[in-house]
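Student: need a structure here:
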Amino acid sequence: MKKVLILLVLVFTIMSFSATLFDVIESAKATSTTYELSNLEYVLMEMEYDKNKIMATNQKSELSAEINFLNSLKENKKTVERFYTDTINTYFDYLIDKLDYESTELKIKNARIDLENKKKLFEKKLISIDELKNAELTLSDLENSITSKKVKMLDSKNDLIEIYSKEISEIKVSLIDYANYLVDDKVYFDNNYDYKILEKNKELNEVEMKTLPSNSSEFDIKNLELKNRKLEVNIKDSEDALYKSHRDLKNQLESFKISIKNLEERINLSKTTYEDTNNKFINGLASEAELNKSKADYIDSSKTYYETMKQYFNSFVKYLLDTGRRPEEVLN
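Tutor: Down below sits the predicted model:
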């Protein structure tokens, strides 16, 4: 039995694959309807903007055209973000789901071993019926979950094949340090569409104030003055909110980065424990259950690592988009 088990030593490595996130994003562009939709949206709104600029007869109509274009860009950015989020999730999910399935298989093996041991102990009246029942329920729960986990793994595999048709196992995940791509608050503000729209609306309101007829009513004058002050307050509130948003996003990225570094250490520790346990098992010093557990712990630490990497890259790509940059230029 031992010789058979030794041949089943876990065959997966950490960060030893060849397809990068950049490769998968570039491949996904050819098949993603979301990506195509974002491009179509941009062409249509650019055409509309060009038309409105040509038809503009004064500064007010020019500013109105700019505001409409900014609103369209804001909506288009949501579609672009969805493309990157979907691609990043697809990139990581197959590996995460595969590791989850492999870990559950090992836990089922141990649950079966534990149940057999509990049955023998119960027959000798060394444990209670409740302890035996708990062992049965643990195995039942794991066996029940493995079916859905296998379906999930196969679905995520097919999702990845749809956007990246090359060898599934060839994926390389390397941490890109966000700190090398930080911008100051002003750049962050200037790339926020809501903020830019507020500024343009204030500019439009000021033009309306300057072009008021000399015989305008006191109501019209006061109305525009109050609107101008309201826009000033809204801009200040927006700056405060964006400052906090920028700070929080940077803090989140730093937290993920620290977690990833710690998880790399945990993977190394669990790998060492697994290798030591395997050597002990070969020499008859560790049980099959101990070997399975150490292997499952190694897989689980790797799974947590990739889950955190997925969160990190989703936040990092959002930061790049929020600061007016194309993620491909950084990820390549």
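Student: and the helices in the stretch 51-200 of the chain, which stretches?
Tutor: 59-123, 129-163, 185-190, 193-210 (DSSP state H, counting those that start in this stretch).
Student: any chance of those in CSV with distance to Phe219 as columns?
Tutor: For every residue, glycine as well, the C-beta is placed using N, CA and C. Listed next are the helices of the stretch 51-200 of the chain as CSV, based on distance: least, CB to CB, whole Å:
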stretch, distance to Phe219
helix 59-123, 20
helix 129-163, 58
helix 185-190, 34
helix 193-210, 14
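Student: show residues contacting stretch 48-59.
Tutor: The contact list for stretch 48-59 (CB atoms under 8 Å, 6 or more residues apart in numbering) reads 61-62, 64-65, 68-69, 72, 207.
Student: from the chain's centre, how far out does that stretch sit?
Tutor: Centroid displacement of stretch 48-59 relative to its chain, using CA atoms, centre = their mean, to the nearest Å, is 39 Å.
Student: check what pLDDT Ala19 gets.
Tutor: Listed pLDDT for Ala19 reads 74.
Student: that one pairs with what?
Tutor: Ile171 (DSSP bridges).
Student: so it makes contact with Val173?
Tutor: No: with contact defined as CB atoms under 8 Å, Ala19 does not reach Val173; the gap is 9.8 Å.
Student: low-scoring stretches of the protein, by residue?
Tutor: For the chain, the stretches with pLDDT under 70 are 1-18, 167-171.
Student: give me the phi and psi for the residue lying farthest from the centre of it.
Tutor: Ranking residues of the chain by C-alpha distance from their mean position (CA atoms, centre = their mean) puts Asn215 at the top, at 57.9 Å. Torsion angles at Asn215 (phi, psi; degrees, to the nearest 10) stand at phi -100, psi 20.
Student: distance of it from Glu225?
Tutor: Here Asn215 is placed at a distance of 17 Å from Glu225 (CB to CB, to the nearest Å).
Student: now do Leu115
Tutor: 79 Å.
Student: comparing those two, which residue is more hemmed in?
Tutor: Leu115 (18 against 12; other CB atoms under 10 Å).
Student: ok, the more buried one touching Leu139?
Tutor: Yes: using CB under 8 Å, Leu115 is in contact with Leu139, at 5.3 Å.
Student: returning to what we had before: buried ones from the contacts of stretch 48-59, can you make that a ChimeraX selection?
Tutor: To isolate the buried members of the contacts of stretch 48-59 in ChimeraX, using 16 or more other CB atoms under 10 Å:
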select :62,64,65,68,69,72
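Student: neighbours of Glu254, how many?
Tutor: Neighbourhood size, Glu254 [other CB under 10 Å]: 12.
Student: hmm, I typed the wrong one, I wanted Asp23.
Tutor: Asp23, neighbours per other CB under 10 Å, totals 18.
Student: can you tell me the element it falls in?
Tutor: Secondary structure assignment for Asp23, by DSSP states H and E: helix 21-28.
Student: contacts for that helix?
Tutor: Contact partners of helix 21-28, identified using CB under 8 Å, 6+ apart, comprise 35, 83-84, 87-88, 90-91, 160, 163-166, 171, 173, 313, 327-328, 331-332.
Student: change it to 7 Å
Tutor: Under the contact criterion CB atoms under 7 Å, 6 or more residues apart in numbering, helix 21-28 has outside partners 35, 87-88, 91, 163-164, 313, 328, 331-332.
Student: returning to what we had before: can you tell me how far the residue farthest from the centre of the chain is from Asn205?
Tutor: From Asn215 across to Asn205, the span is 20 Å (CB to CB).
Student: repeat for Leu44
Tutor: 28 Å.
Student: tell me which of the two has more neighbours.
Tutor: Asn205 (19 against 12).
Student: would you agree that one is in contact with Glu225?
Tutor: No: using CB atoms under 7 Å, Asn205 is not in contact with Glu225; the gap is 9.3 Å.
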